[in-house]
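Novice: the following block contains a protein sequence and its predicted model.
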Amino acid sequence: MQILRGLGRWPGRMAFSPDGRYLAAGDDRSFHLWDAAAGPDPLWSRSGTYLEHNFAFTPDGAHVVGGQYGHFARYRAGTGGGGTAEPLGPAFYTCLFAPGGRFVVAAVGDHAAGVFRLRCARPAPAGGWEPAWARERAFNFRYGWNGFRAVLFAADGSRVVRVSEVGPARRSAMRTEVETFDLATGDAVAKWAGELPAYLRQGAVGPTGAVVLLHYRSLYALDATTPDAAPVKRLNGSPKHFTSAAFSPDGTRLITAGNDTAATVWDAATWE
């Protein structure tokens, strides 16, 4: 075991390259990349690029792509060189890079039109990005200001999930929809609806249809492919709040982290 140095306060995102050689992390100020076998200090770091908030490795692991608010770039993983600007256009002013770097998704709510727009782009053969697909859904901004509460990617990068509130609050619970799209085509492949606590923002998506949403110290697990399935509720073992969750690539395990600084592994079949 080795302890890696150089990460600042409040790390919010981490990822391994596809071959496991590099580990990348973003904190509240900077992006850092380590060679997992080379030593405790980062190979390189960047600040002021928005890379710390939004990044992904490309499928071959040779580059890191990321950024936000119109500042998007591609860096060489081994050296940090490049920084080649990759404009995505005004529709992708704010967006999320999918695991594996094969897609980038933007989610925008248009209040005037009462429409939620989900757009997806993929790397173009000649460089840069090209549109992949776009979908629209009607929404009522009284129940959700942006038309979504969370946009989540499946662990294997095959699906993107929109979590949205579609009804009024009743005793801190709201009618919630969980809609799943195929990330390659934009086709809607599943939709779940039911009562869940308001203000769900964090969660994780498994490769087989399981969706986990976090609410303070509660975990809600549901099968998004079964429209009327009741969610399973579990509590953190301590009184602290959950802060993040991730599925294993095969979907058999879920790991959660929380303000108690503990990581908990869950069986995704029994939720024990």
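Specialist: Ah, there it is.
Novice: pLDDT below threshold where in the stretch 101-250 of the chain?
Specialist: 144 (pLDDT under 70).
Novice: so where do the strands sit in it?
Specialist: Remark: strands of the stretch 101-250 of the chain, listed N- to C-terminal, are 104-110, 115-123, 129-138, 150-153, 159-165, 173-182, 188-197, 202-205, 210-215, 218-223, 232-235, 242-247; assignment by DSSP state E, counting those that start in this stretch.
Novice: same list (these) but as JSON lines, adding mean neighbour count and distance to Gly81.
Specialist: The way it works is simple: take the backbone N, C-alpha and C, and place the C-beta from them, glycine included. Below are the strands of the stretch 101-250 of the chain laid out as JSON lines (neighbours: other CB atoms under 10 Å; distance: least, CB to CB, whole Å):
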{"stretch": "strand 104-110", "mean neighbour count": "19", "distance to Gly81": "22"}
{"stretch": "strand 115-123", "mean neighbour count": "19", "distance to Gly81": "19"}
{"stretch": "strand 129-138", "mean neighbour count": "15", "distance to Gly81": "20"}
{"stretch": "strand 150-153", "mean neighbour count": "19", "distance to Gly81": "28"}
{"stretch": "strand 159-165", "mean neighbour count": "24", "distance to Gly81": "31"}
{"stretch": "strand 173-182", "mean neighbour count": "20", "distance to Gly81": "35"}
{"stretch": "strand 188-197", "mean neighbour count": "17", "distance to Gly81": "39"}
{"stretch": "strand 202-205", "mean neighbour count": "22", "distance to Gly81": "33"}
{"stretch": "strand 210-215", "mean neighbour count": "24", "distance to Gly81": "37"}
{"stretch": "strand 218-223", "mean neighbour count": "20", "distance to Gly81": "41"}
{"stretch": "strand 232-235", "mean neighbour count": "14", "distance to Gly81": "45"}
{"stretch": "strand 242-247", "mean neighbour count": "20", "distance to Gly81": "30"}
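Novice: tabulate these (CSV), appending distance to Gly48.
Specialist: Below are those laid out as CSV (distance: least, CB to CB, whole Å):
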stretch, distance to Gly48
strand 104-110, 21
strand 115-123, 24
strand 129-138, 22
strand 150-153, 25
strand 159-165, 28
strand 173-182, 33
strand 188-197, 36
strand 202-205, 26
strand 210-215, 30
strand 218-223, 35
strand 232-235, 40
strand 242-247, 24
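Novice: right, and the ones you listed - which one's nearest Thr79?
Specialist: Distances from Thr79 to each of those were compared using CB to CB; the minimum, 20.4 Å, belongs to strand 115-123.
Novice: list the contacts of that closest one.
Specialist: For strand 115-123, the surrounding residues in contact (CB atoms under 8 Å, 6 or more residues apart in numbering) are 58, 88, 91-92, 101-110, 129-139, 146-148, 151, 160, 162, 164, 181, 183, 186.
Novice: who touches the closest residue to Gln68 other than its chain neighbours in this structure?
Specialist: If you skip the residues right next to it in sequence, Gln68 has Tyr50 as its closest partner in space, 3.9 Å away by CB to CB, 6 or more residues apart in numbering. Applying CB under 8 Å, 6+ apart to Tyr50 gives the contacts Gly66, Gly67, Gln68, Tyr69, His71.
Novice: switch the cut-off to 10 Å
Specialist: The contact partners of Tyr50, by CB atoms under 10 Å, 6 or more residues apart in numbering, come to Gly26, Phe31, Gly66, Gly67, Gln68, Tyr69, Gly70, His71, Phe72, Ala73.
Novice: gap between the last one and Asn54?
Specialist: This points to Ala73. Using CB to CB, to the nearest Å, we find Ala73 at a distance of 11 Å from Asn54.
Novice: anything in contact with each of these two?
Specialist: Any residue near both Ala73 and Asn54 by CB under 10 Å, 6+ apart counts here, and that gives Val65, Gly66, Gly67.
Novice: right, and the strands of the stretch 101-250 of the chain - which one's nearest Ser45?
Specialist: Taking CB to CB, strand 242-247 is the member of the strands of the stretch 101-250 of the chain nearest to Ser45, at 22.0 Å.
Novice: can you state the direction angle for that closest one and strand 218-223?
Specialist: The directions of strand 242-247 and strand 218-223 differ by 30 degrees, with axes from the mean of the first three to the mean of the last three CA atoms, to 10 degrees as the criterion.
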